[in-house]
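S.K.: Generate coordinates for the sequence data below:
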Amino acid sequence: MKITLKDVIQLVISLGLGVLIFYLVYKGLNIAEMKGLISKANYGYLLMPIVLCILSSVVRALRWNMLIEPLGKKPSLRNTFCAVMYGYFINHLFPRAGEIARCGVLKKYEGISFTELVGTVITERAFDLIVTLLIVFTSVVVEFDVFKGVISQVSVFERIGSVLSSPLLWVCVAAFVLLLFILRKWINQLTLMGKIKKVMAGILNGLKSFTKVKNKPLFLVYSVLIFFIYYLMLYTSFKVFSFTSGLGPEAGLTTYVFGALGMLVPVQGGIGTYEFMTIQALLIYGISATQGGAFAVLAHLVEIIVNSVVGFGCSMALPFINKGKNQDGEQEQSEETKVNQ
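M.R.: Model (predicted):
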């Protein structure tokens with residue numbers, strides 16, 4: 001993966017922001033008490049979240065293969081799984097770069113069009129968004145009183161309404177659209193536009209891959225299963241600490257949703273934002289901020305370590321797994337075999 005100055009700057013800004021948020025979240029907590037809680041944690045219960053973390057990536061790889069097959073390729077599950085894990089590893093180094101990195105892996109080892117792979121990843125993310133919205137809706141229905149109280153405190157709808165009602169916002173949008181219309185002929189003549197159109201054609205081909213998926217019900221089952229496993233990772237992590245071990249499935253669902261929303265903030269690996277949102281969710285159920293901080297930092301750290309270690313291991317294993325393949329991802333024949341043929 002080629003690293004540019006832009007990538008480095010983005011990493012420094014994202015990581016710096018994450019560290020700052022993390023510091024602000026934890027500076028008011030009793031760190032000594034938190035260390036004591038972590039030292040007394042029942043680490044035997046971490047085995048289940050670790051296994052589930054890896055299992056979620058296996059299911060994601062299976063689902064991705066279903067989108068790739070209509071493109072005329074059948075990548076091995078080993079390569080797809082390693083690509084997914086490598087993508088997670090890269091995401092911890094460079095924000096949002098993992099999706100590009102995993103497409104690069106399959107292009108290199110399976111000879112699949114990079115732009116078409118990007119299209120399949122966009123399709124994946126579309127379904128991920130749909131499932132996430134369904135999970136949020138389910139959580140709101142199950143714990144309606146909880147979310148009603150949170151929304152009333154932060155006045156979310158009032159703030160969103162004030163932004164959308166700003167005349168300056170719509171003037172800027174109108175001016176941008178008008179500028180594109182005026183310069184449309186000049187833009188179409190640019191050499192860059194030809195490349196963009198070529199890329200968009202590849203992406204569109206990838207997006208169409210879902211319509212050609214052979215077993216659509218299984219694809220949808222995989223989509224739901226991935227996020228159910230994510231939820232189980234969080235819920236089984238409750239058993240690690242005595243103060244969260246008694247929380248029920250509803251609390252687990254709310255905490256998962258809050259944490260997932262924290263991960264959407266564009267900071268490195270959700271550092272700080274995940275912890276903040278998880279602490280806020282646990283406060284609702286009577287868990288102190290210090291206790292919530294101990295749970296959040298350990299749960300997040302386990303996920304980062306698993307994805308990083310397995311992802312790095314996959315990056316090292318890929319050349320050996322694909323030893324003897326040519327640049328099109330096909331197995332090379334030995335000279336002796338060629339002669340016999």
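S.K.: Could you report the separation of L301 from K27?
M.R.: Going from L301 to K27 by C-beta to C-beta, to the nearest Å gives 18 Å. Yep, even glycine has a C-beta here, placed from its N, CA and C like the rest.
S.K.: quick one: which of the two has more around it?
M.R.: Set L301 next to K27 and count neighbours by other C-beta atoms under 10 Å: L301 wins out with 11 against 8.
S.K.: The more buried one should be in a helix, yeah?
M.R.: Yes - per DSSP: H, G, I helix; E, B strand; the rest coil, L301 lies within a helix segment.
S.K.: Who are the packing partners of the strand or helix carrying Y274?
M.R.: Assigned by DSSP states H and E, Y274 falls within helix 273-284. Applying 3 or more C-beta pairs under 8 Å, 6 or more residues apart in numbering; DSSP states H and E, one finds that helix 273-284 contacts helix 5-26, helix 144-154, helix 249-263, helix 289-321.
S.K.: Out of these, name the one with the poorest average pLDDT.
M.R.: Among the helices and strands packed on helix 273-284, helix 144-154 has the lowest mean pLDDT, at a mean of 60.
S.K.: Now do the same for G246: helix, strand or coil?
M.R.: Secondary structure state of G246, per three-state DSSP, is coil.
S.K.: quick one: contacts for it?
M.R.: Listed by C-beta atoms under 8 Å, 6 or more residues apart in numbering, G246 has no contact partners.
S.K.: Any figure for the gap between it and I13?
M.R.: Relative to I13, and taking C-beta to C-beta, G246 is found at 41 Å.
S.K.: just checking, A41 touches V240?
M.R.: Yes - taking contacts as C-beta atoms under 8 Å, A41 lies within contact range of V240: 5.0 Å.
S.K.: and these two? which has more neighbours close in?
M.R.: V240 (22 against 16).
S.K.: How about the contacts made by the more buried one?
M.R.: Neighbouring residues of V240 by C-beta under 8 Å, 6+ apart: 41-43, 45-46, 295, 298-299.
S.K.: Give me the buried entries from those.
M.R.: Buried subset of the contacts of V240 (neighbour count, 16 or more other C-beta atoms under 10 Å): 41, 46, 295, 298-299.
S.K.: Adding distance to L17, write those residues out as JSON lines.
M.R.: Formatted as JSON lines, these follow (distance: C-beta to C-beta, whole Å):
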{"residue": "A41", "distance to L17": "29"}
{"residue": "L46", "distance to L17": "28"}
{"residue": "F295", "distance to L17": "23"}
{"residue": "L298", "distance to L17": "22"}
{"residue": "A299", "distance to L17": "21"}
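S.K.: count of residues packed around the closest residue to P75 other than its chain neighbours?
M.R.: Nearest non-adjacent residue to P75, counting by C-beta to C-beta, 6 or more residues apart in numbering: E110, 4.3 Å away. Counted with other C-beta under 10 Å, the neighbours of E110 add up to 21.
S.K.: same question, K212
M.R.: K212 is flanked by 12 other residues according to other C-beta under 10 Å.
S.K.: do K323 as well
M.R.: K323, neighbours per other C-beta under 10 Å, totals 9.
S.K.: Show residues contacting stretch 18-37.
M.R.: The contact list for stretch 18-37 (C-beta under 8 Å, 6+ apart) reads 241, 243, 267-273, 275-276, 279, 289-291, 293-294, 297.
S.K.: which element is the residue most central in space within the chain on?
M.R.: The centroid of the chain falls nearest to Y88 when counting by C-alpha atoms, centre = their mean (7.5 Å). In the assignment (DSSP H and E), Y88 maps to helix 77-93.
S.K.: Quick one: list the elements packing against that helix.
M.R.: Using 3+ C-beta pairs under 8 Å, 6+ apart: helix 77-93 touches helix 47-68, helix 98-110, helix 289-321.
S.K.: can I get the ones you listed in a markdown table with distance to L133?
M.R.: Output for the helices and strands packed on helix 77-93, formatted as a markdown table (distance: least, C-beta to C-beta, whole Å):
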| stretch | distance to L133 |
| --- | --- |
| helix 47-68 | 18 |
| helix 98-110 | 20 |
| helix 289-321 | 22 |
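S.K.: and among those, the most buried is which?
M.R.: Highest mean neighbour count among those (mean count of other C-beta atoms under 10 Å): helix 98-110, with a mean of 21.
S.K.: need the next SSE after that one, C-terminal direction.
M.R.: Note on helix 98-110: by DSSP H and E, the next helix or strand toward the C-terminus is helix 114-142.
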